[in-house]
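Asks: dropping a prediction and its sequence here:
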Amino acid sequence: MTVSFVSPLQGKLLPITETPDDVFSKKLLGDGFGIYPEQETIVSPIYGKIKTIYHSEHIIIIEHSNCHIMLHLGLKARNDIVTWHVKVGDTVMKGQDIGFLRPSFFQQAESYQMINIVFLETKSCHFKDGNVICDE
């Protein structure tokens with residue numbers, strides 16, 4: 001599966017295996033990337049539909065025709081770290097502004113500031129030439 005992709009936040013994409021949380025680093029939900037954000041704006045990494053926003057708001061799932069991508073904001077569930085500009089059912093374009101991290105996100109310990117970008121139910125993914133290529 002190949003998905004046209006942009007990073008949802010500014011910062012360096014890291015292999016998900018470098019995430020300090022075993023659920024992600026052991027790819028229990030799927031492969032993907034981690035990122036320590038350098039600014040607050042969050043954009044949609046793909047074209048798709050907002051499938052889920054968890055009640056704590058720190059998790060959002062975007063459904064693409066080929067996959068589901070989860071953005072897991074921080075490593076501690078908190079409802080005061082993000083403001084979303086979208087709601088469940090909205091269609092989003094790749095690169096569209098969908099929310100922002102509040103100052104409280106950056107006031108957490110740095111170890112909690114990892115954002116995980118998970119291609120749910122995939123075995124391996126890699127980024128190449130503006131696309132993410134995953135094995136299911």
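Replies: Alright, I've got the coordinates. Numbers count the residues shown, from 1 in each chain.

Asks: what average pLDDT does stretch 31-49 get?
Replies: The average pLDDT for stretch 31-49 rounds to 95.

Asks: which stretches of this structure form strands?
Replies: Using DSSP state E, the strands assigned to the chain run over residues 2-4, 13-15, 30-35, 41-43, 48-53, 59-63, 68-73, 82-84, 91-92, 97-101, 115-120, 124-128, 131-135.

Asks: closest to D22 out of those strands?
Replies: D22 lies closest to strand 115-120 among the strands of the chain, at 11.9 Å (Cβ to Cβ). In this view, the C-beta of every residue, glycine as well, is placed from N, C-alpha and C.

Asks: let's have the strands of the chain in CSV, adding distance to Q107 and mean neighbour count.
Replies: Conversion of the strands of the chain to CSV gives the following (distance: least, Cβ to Cβ, whole Å; neighbours: other Cβ atoms under 10 Å):
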stretch, distance to Q107, mean neighbour count
strand 2-4, 33, 14
strand 13-15, 22, 15
strand 30-35, 18, 23
strand 41-43, 17, 18
strand 48-53, 22, 17
strand 59-63, 20, 20
strand 68-73, 14, 23
strand 82-84, 13, 17
strand 91-92, 28, 16
strand 97-101, 11, 18
strand 115-120, 15, 23
strand 124-128, 30, 14
strand 131-135, 31, 17
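
Asks: alright, calling it a day.
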